[in-house]
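> The following comprises the amino acid sequence and a computationally predicted model.
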Amino acid sequence: MDAREEAGMRDVSEWQLVVESHDIVGEGPTWEPTSQSLYWVDIVGKTVRRVWPASGAVWSRQLDQMVGAVLPRTSGGLALCLQDGIWVTDSDDGPARLLAPIEAADESTRLNDAKTDRAGRLFAGTMAIDARPGAGALYRIDADGTVSRIASSVTISNGIDWSVDDTHMYYIDSALPRVDAFDFDVSTGQASARRTLFDLDPDYGIPDGMTVDADDHLWIAFYGGWAVRRFTPRGRLVRTVKLPVSNITSCAFGGPELGDLYVTSARAGLTEAELAEQPLAGSVFVIRAGASGLRVSRYAG
């Protein structure tokens, strides 16, 4: 079912409200530069959403499976990371077809966060629906739908991004208070030699989605942490932006100059009292980051 509605803007300190969407688990913001719009998903709500910030118009599409991420395709349409694999459409509203089954026989797992590298390959991770330890993995999905496993024994596969020079892939398993790095070959999509890049203070919250800016700094969303934080590749904290909700899930650069940082959030797990204190939980925000993002890639499949 499709819906269009108007989204108001609220400006408080360093953040603005973009869409008061009340997502159960809002995730995976992805900027679409041609239309100057933002895609994101409500995982548990089984919904893909899109907003045009200049007008405030919002589009949504209801699905029949949980959706971990949505990514525009080079040929048009979308790549949808559903519970059983990568599905593709030729338009926002078009029918979906299964391109790449992933753990399709295991009904206890689902796809979670995903991102495309600058060559158009899709990287997506899985997790157990009950978040049991070590049940997930990280995969690469090439343009022809070929699936390769990159890492195993993952608990909650989350943030993925690449260094400015494409020689490292950064990665977050939210069960671990750290950011990992792989050596990365952008010509082949090979990721190897996984290691700890830097540890994170558990008091920050649970590390979730992330994005890298043009200065090669990492912006990380902290679930339960009320904030997005910016780090150097060596792990030095250089900025903290507080938000009015606790469960911050992910972030992505967008806007005409890629200088706006869009942030998703979640209502899941909050008590009625907490929801009363956080009426904007599950909404989408934008931060004037004082930094700019990198070129957004589409999935080549």
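Cool, the structure landed.
> what's around V44, how many residues?
A total of 16 residues lie near V44 under the criterion other C-beta atoms under 10 Å. For the C-beta atoms, the positions are set from N, CA and C on the backbone; glycine is no exception.
> show me the contacts for it.
When contacts are counted by C-beta atoms under 8 Å, 6 or more residues apart in numbering, V44 is found next to I24, V25, M66, A268.
> Would you quantify the distance from it to H22?
The span separating V44 from H22 equals 12 Å under the rule C-beta to C-beta, to the nearest Å.
> now do V263
Using C-beta to C-beta, which is the criterion applied here, V263 is 15 Å from H22.
> Go ahead and confirm R288 touches E257.
No: no contact is recorded between R288 and E257 when judged using C-beta atoms under 8 Å, the distance being 11.3 Å.
> quick one: pLDDT of E20?
What the model reports as pLDDT for E20 is 97.
> Compute the number of surrounding residues for the closest residue in space to it that isn't next to it in sequence.
Take E20 and drop its neighbours on the chain: the residue closest to it by C-beta to C-beta, 6 or more residues apart in numbering is S283, 4.9 Å away. S283 has 25 neighbouring residues, counting by other C-beta under 10 Å.
> could you list every residue that touches S283?
Neighbour list for S283: L17, V18, V19, E20, S21, H22, D23, G26, V245, S265 [criterion: C-beta under 8 Å, 6+ apart].
> Quick check: of those residues, which lies closest to V147?
Nearest to V147 out of those is G26 (C-beta to C-beta; 26.7 Å).
> part of a strand, is that closest one?
Yes: membership of G26 in a strand is supported by DSSP: H, G, I helix; E, B strand; the rest coil.
> so the closest residue in space to it that isn't next to it in sequence is in which element?
Beyond its immediate neighbours in the sequence, the residue positioned closest to G26 (C-beta to C-beta, 6+ apart) is T264, lying 3.9 Å away. In this assignment (DSSP states H and E), T264 forms part of strand 260-265.
> More neighbours: which of R288 and E257?
With other C-beta under 10 Å as the criterion, R288 and E257 differ in neighbour count, and R288 comes out ahead with 14 against 9.
> which residues pair with the more buried one across the strands?
Beta-bridge pairing for R288 (DSSP bridges): D260.
> what does the model give it for pLDDT?
R288 carries a pLDDT value of 90.
> sorry, back to before: what lies in contact with the strand holding T264?
Under the criterion C-beta under 8 Å, 6+ apart, external residues in contact with strand 260-265 comprise 15, 18, 23, 26-29, 31, 38, 40, 53, 209, 211, 219, 221, 228, 243, 245, 247-254, 280-289, 291, 293.
> Having no further points to raise, I will conclude here.
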